[in-house]
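Participant: here's my sequence, what's the structure:
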Amino acid sequence: MDNFIEEVDEELKHERYAELWRKYGIFAVGAVLLIVISVAGSMGWRQYQLNSQIQSGLDYVNAVDLMAAGKNAGALTAFQALGKDGAAGYRELARFQEAAVLVHQGNKAASAQIYEAIANDDGADKVFRNLALILYSLNVVDRAEPKALADRLGPLTNEASPWRFSALEITALLHRRRGDVSAAKLIYKKLADNDNAPHRIRARATEFLTVIGK
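Facilitator: Numbering: from 1, shown residues only. Purely as a prediction, here's the structure:
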């Protein structure tokens, strides 16, 4: 009798399992498929990113080779394409190189536009944005509104900024353009006396102090 009851109980269990599977099995299969697709998609995306980085690296090297060979038109086209469709990191590098080619061709206005675009690009790394602001400022220091540009450079002149020496030198030039010789002299003196400042910046600061003194 006990065996019969156990067999009936087992049959009832199987029926309940079968009913549950009929009602919810499709969802279980769907969940498993979703996991498989997600994992495969993630692996595929990583592989795509890796391939994209490799291809962008090759494209960048080819563009640099064109520039080194004096084929500026071809290099400019290659850098523009990479700056638009290249992998992250290479896009910014390509835009800097594009601006460098334009400077070499004498088109400082177009080069300045590229540097300013990078400086204002919230999607770019902060290091790239700050470097772009320095290069933009060097391009327009002789024609930009002095106070406005000096204000933009202000955050880069603090002690924690790796660009502080260049930013200070440009700011001193802007003070001279405004006719504020005293403010320019203070900055040049600070740069000339700072052993941590790059040698060329210290040398230029010393030379400017001599000129201003005369």
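Participant: for the nearest residue to Asn194 once chain neighbours are set aside, what are its contacts?
Facilitator: Of all residues beyond its chain neighbours, the one nearest Asn194 is Arg202 (7.1 Å), with distances taken as C-beta to C-beta, 6 or more residues apart in numbering. Every residue, glycine included, has its C-beta placed from N, CA and C. Contacts for Arg202 (C-beta atoms under 8 Å, 6 or more residues apart in numbering) come out as 191-192, 194.
Participant: pLDDT score for Arg202?
Facilitator: Arg202 carries a pLDDT score of 93 in this model.
Participant: measure it to Asn62 for me?
Facilitator: Applying C-beta to C-beta, to the nearest Å, the value for Arg202 to Asn62 is 39 Å.
Participant: if we can go back for a sec, and the residue nearest to Asn194, what element?
Facilitator: Assigned by DSSP states H and E, Arg202 falls within helix 199-213.
Participant: likewise Gln80?
Facilitator: helix 72-85.
Participant: just the pLDDT at Ala31, thanks.
Facilitator: Reported pLDDT for Ala31: 48.
Participant: highest neighbour count among the contacts of Arg202?
Facilitator: Among the contacts of Arg202, Leu191 has the most neighbours (other C-beta atoms under 10 Å), with 23 neighbours.
Participant: looking at it, it is touching Ile201, isn't it?
Facilitator: Yes: at 5.8 Å, Leu191 and Ile201 qualify as touching, with contact defined as C-beta atoms under 8 Å.
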